[in-house]
Structure formats: C-alpha cells, structure tokens
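Novice: The following comprises the amino acid sequence and a computationally predicted model.
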Amino acid sequence: ELKVEQNPLFLSMQEGKNYTIYCNYSTTSDRLYWYRQDPGKSLESLFVLLSNGAVKQEGRLMASLDTKARLSTLHITAAVHDLSATYFCAVVWNTGNQFYFGTGTSLTVIP
Amino acid sequence: EAGVTQFPSHSVIEKGQTVTLRCDPISGHDNLYWYRRVMGKEIKFLLHFVKESKQDESGMPNNRFLAERTGGTYSTLKVQPAELEDSGVYFCASSPPLAGGRYTQYFGPGTRLTVL
C-alpha cells in the first residue's frame, strides 16, 4: 500500500516569513496533488504535478515534484494571514484511481 | 457551476443507530468517490463509482457500510448500525469521465459524523 508522509503536521509562522511543507511517498506515482482546506469548507485543488521536475506557482505558493526522491514540496513565500488553512498532498498510485493523502499540515499565519 | 454538495453537514447519532449520508456530484461527472477522515488521521479512500457501478470498494471498512448510486447521479452512504469508531468526516469527491477517472477530484465540504 502506498504511504504518504507529510510534515510538519502543524506550522505556525509569522507574516512575511518563508516556509516549506514536505510530502514524501513510498511508491512510484505519476501524479501528485496539493489541496487546501479552510475550516468547514471543501478541499480546494491548488496544484497538479505530473512529471519529474515539475514546478507550479500561484501567488505566494510554489509546488515542486521530484519523482526520483518521491518528494514534493509546497513552498510559502512571505506568508500572509489569508494563507492560514490545512494543506494536503495526495498521490495517485499508477495502477489505480484512488487518492492517497498525507495527514495534512495545519498552517497558521500570525500577524 | 455548482460544486460537490453533501448532506447533512453534521450528524450526531447514538451507537447502534443508522445514518445515511448523501453526496451530489458535479453535473456530468461519472466518477464519484467517498473518503473518510478519522480524527487526527489521514483522509482515506472508501470507494469509487463509475456512473452507477462500483469500480473499487477496497477501502470500505466492513459490511456495516453500504454505498449506492442509483441512476448514476447522487450517491448515498449508509452506516448501519453505527459504532463509535465510525466517527469522523466523510468526504465525497467527483471527477469527469476522462482517462479512466485519474483526474483532479473535486471535493465536497464533508459530513461530520459523531457517534456517541
């Protein structure tokens, strides 16, 4: 079974600072997703990473994928309060359709 | 375009009772998924429908859980009888009929189930 490890679980950071969330997975995969969830809301798709070396950026968030290391990162630049949310990575195993999720990172940006 | 909707948003029941959760996917999405997040744990897959057929139900925990998708539109997930360990947030997701379903999944807000 594919295992997905995400860290840190909790992250409290000051506005204006940079930080990185890590997502490691145990088995070859060709598709990795990052989602954001605000309390009581749906999981919102942020990025889809499809190949080794893929990098996607949207605003203050940048995601990258290293399939050889089985590692994806979500980098936050100059954090603002609006980024406070829980972030999940999810991996699709090559032979299936189900998503395997990390445990989520609860991010709090302090003014 | 309306997103994935789930009903109810919260449900509190006693052990041994029955609860039915409903999911309405995005219109035109053949693929429908159920996931569950138990407190402090990762979101785990339960099952996958393609239209009205169960494509993969390998994540269903036991036979107290019954999922249906009559007519290939909305889906229900029934828990009967509910046990304490069934408490958690149940998410539904849907995706378009592309590439065997391996496409971005759009999630609903979840149903928070508490079994007392």
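Specialist: Perfect, I can see it now. Worth saying up front: this structure is predicted, and the values here are computed from it rather than measured.
Novice: The helix or strand of chain A with the lowest mean pLDDT near chain B at all?
Specialist: The weakest-scoring helix or strand in chain A, judged by mean pLDDT, DSSP states H and E, is strand A:29-37 (a mean of 90). Yes - judged by C-beta under 8 Å from any C-beta of the partner chain, strand A:29-37 comes into contact with chain B at A:31, A:33, A:35. Just so you know, the C-beta spots here come from the backbone N, C-alpha and C atoms, and that holds for glycine as well.
Novice: How about stretch A:46-66?
Specialist: Yes - for stretch A:46-66, a contact with chain B is found by C-beta under 8 Å from any C-beta, at A:Val48.
Novice: measure that stretch end to end?
Specialist: 18 Å (C-alpha to C-alpha, to the nearest Å).
Novice: The residue most central in space within chain B sits in which helix or strand?
Specialist: Nearest to the geometric centre of chain B sits B:Trp34, at 3.1 Å (C-alpha atoms, centre = their mean). B:Trp34 belongs to strand B:31-37 when elements are defined using DSSP states H and E.
Novice: Spell out which strands sit alongside that strand in the sheet and which way each one runs.
Specialist: Here strand B:31-37 is paired, per DSSP bridges, with strand B:43-50 (antiparallel), strand B:88-95 (antiparallel).
Novice: Contacts only, for residue 85.
Specialist: I went with chain A, as the question did not name one. A:36-38, A:107 (C-beta atoms under 8 Å, 6 or more residues apart in numbering or on different chains).
Novice: hm, I was asking about chain B
Specialist: Counting by C-beta under 8 Å, 6+ apart, B:Glu85 has contacts B:38, B:115.
Novice: wait, is it part of a strand?
Specialist: No - B:Glu85 is assigned helix when assessed by DSSP: H, G, I helix; E, B strand; the rest coil, not a strand.
Novice: and it, how far is that from A:Ala90?
Specialist: Between B:Glu85 and A:Ala90 the distance is 23 Å, computed by C-beta to C-beta, to the nearest Å.
Novice: repeat for A:His81
Specialist: 25 Å.
Novice: neighbour-wise, which of those two wins?
Specialist: A:Ala90 (27 against 10; other C-beta atoms under 10 Å in any protein chain shown).
Novice: these two touch, right, the more buried one and A:Phe99?
Specialist: Yes - the criterion here is C-beta atoms under 8 Å, and A:Ala90 meets it with A:Phe99 at 4.1 Å.
Novice: which residues does the closest residue to A:Arg70 other than its chain neighbours contact?
Specialist: Nearest non-adjacent residue to A:Arg70, counting by C-beta to C-beta, 6 or more residues apart in numbering or on different chains: A:Tyr25, 5.0 Å away. Neighbouring residues of A:Tyr25 by C-beta under 8 Å, 6+ apart: A:2-5, A:32, A:70-72, A:91, A:100.
Novice: Repeat that for B:Trp34.
Specialist: For B:Trp34, the contact set (C-beta under 8 Å, 6+ apart) comprises B:23, B:45-47, B:67, B:75, B:77, B:90-92.
Novice: and stretch B:11-29, anywhere near chain A?
Specialist: No - contact of stretch B:11-29 with chain A (C-beta under 8 Å from any C-beta) is absent, the minimum separation being 11.2 Å.
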